[in-house]
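Enquirer: model the structure of this input:
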Amino acid sequence: HPSGVASNGTNFLLCDRFNNRVLIWNVAPTSWDAPPDIVIGQPDFNANNPGMNKNEMNWPGNASVGNNGKLAVADTDNDRLLLWNTFPTANGQSADLQIHLPTITPVGSANTWSWPWGVWTDGNKLVCTATNGAAILFWNSFPTTDNQAPDYTIENTAFGTPRNISTDGSTYFFVGDHNSGLTNGSATYFWNSYPSVANQSYDFYRSEGLKGQKLANGNLICSDFTSKIMTWSGMPTSGTDNPVKTANPACFHTSDGMDLIEINGNIYVNNYNGNDVL
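Expert: Residues are numbered from 1 along each chain as shown. The predicted model follows:
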C-alpha cells in the first residue's frame with residue numbers, strides 16, 4: 001500500500017505505508033525495479049516495525065520536499081508531522097522536529113486534530129490536513145520547534161475528512177475529501193490561489209477525490225479515487241472546467257492512495273492497491 005510520492009525535481013520519495021517507512025531514491029528512477037538508496041522510519045530495508053520515536057513511523061501517508069532539502073512526512077497513525085531541516089542522507093535518520101496534532105489543538109476546540117493524511121512544503125511554507133478534526137493547518141514559515149502551532153487554519157462545514165493537498169504554494173491549491181458534506185462521498189475543494197487567511201472559502205469544488213500537479217507545460221494532471229488519471233488543458237477555475245483526457249489503465253488500482261508527480265518530463269503515478277508505481 002504505497003500511499004504517496006514526492007520529489008524536489010531530482011529525487012524520488014515513496015511512502016511505503018504498511019511497512020512504516022519512506023523509501024528514497026537520490027535520483028528519480030528511470031528503469032523498473034531500481035532499488036532505493038535510503039530508507040527512513042526504519043533502521044534498514046529489512047525492518048518494518050511501527051514506532052513513535054523521531055526515527056520511527058507508523059503508517060505514513062504523504063511526504064513533501066522543498067528545493068532547499070527540507071522534508072515533511074505525514075506520520076498518520078502517530079497523529080503527527082515529522083520534519084527534517086536537511087534532506088536525509090542515511091538509513092533511519094531521525095527527524096529534527098515533530099508536530100503532534102492533538103497537542104496543538106486549540107483549547108475549547110469542538111474537534112481534536114489528528115490523523116494527518118496530506119502534507120505539503122516548499123521548504124518555507126508548510127500545510128497539512130487534520131483528517132480527523134476536519135481542518136487544514138497552515139504555517140507561514142517552516143517550523144523551528146516541536147509542536148509549533150499553525151499560523152492560521154481553514155475549517156468549513158462542507159469538510160468531512162479532508163485528506164490530500166495539491167499546490168505549488170502560489171497559483172493553485174486544492175484538497176481532496178473522502179467524505180464531503182457536499183456530495184456524501186468524495187469531493188475536491190479548489191482555491192484559485194494559495195489561501196492566505198483563516199477560514200478562506202474555496203472557490204469551487206468537483207465531485208471527485210483528486211490529487212495532482214500543475215505540469216511544466218501549464219496543464220493539470222490528477223489521479224482520482226476511482227482509479228482514473230485526468231488531464232486538464234490549463235488549470236480549471238470553475239466546477240464546469242472539465243478534463244480533456246481521462247485514462248483508466250487496466251493495471252491502475254489506486255483507491256485511497258491517489259498521487260502522482262512530474263519529474264524531468266516523466267509522470268510517476270502511485271498505484272496504492274497495485275503495490276507499485278506506474
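
Enquirer: look up how far A28 lies from Y268.
Expert: To A28, Y268 is 7 Å away according to C-beta to C-beta, to the nearest Å. C-beta here means a position set from N, CA and C on the backbone, and glycine is covered the same way.

Enquirer: ugh, wrong one, D241
Expert: Applying C-beta to C-beta, the value for D241 to A28 is 30 Å.

Enquirer: and T157, how many neighbours?
Expert: Neighbour count of T157, defined by other C-beta atoms under 10 Å: 8.

Enquirer: quick one: it and G181 touch, right?
Expert: Yes: judged on C-beta atoms under 8 Å, T157 makes contact with G181 at a distance of 6.4 Å.

Enquirer: that older thread, which one of D241 and A28 has more residues nearby?
Expert: For the pair D241 and A28, the greater number of neighbours falls to A28 (19 against 16), based on other C-beta under 10 Å.

Enquirer: ok, now which ones touch that one?
Expert: For A28, the contact set (C-beta atoms under 8 Å, 6 or more residues apart in numbering) comprises S7, T10, N11, F12, I263, N264, N266, Y268.

Enquirer: what's the closest of those to T86?
Expert: Using C-beta to C-beta, N11 comes nearest to T86 of the contacts of A28, at 13.0 Å.

Enquirer: what's the burial count for the closest one?
Expert: Counted by other C-beta under 10 Å, the residues lying close to N11 total 19.

Enquirer: next one: it from I24, what distance?
Expert: Computed as C-beta to C-beta, the N11 to I24 distance reads 6 Å.

Enquirer: ok, D241 next?
Expert: D241 is 36 Å from I24, by C-beta to C-beta.

Enquirer: swap in L137?
Expert: For L137, the distance to I24 - C-beta to C-beta - is 25 Å.
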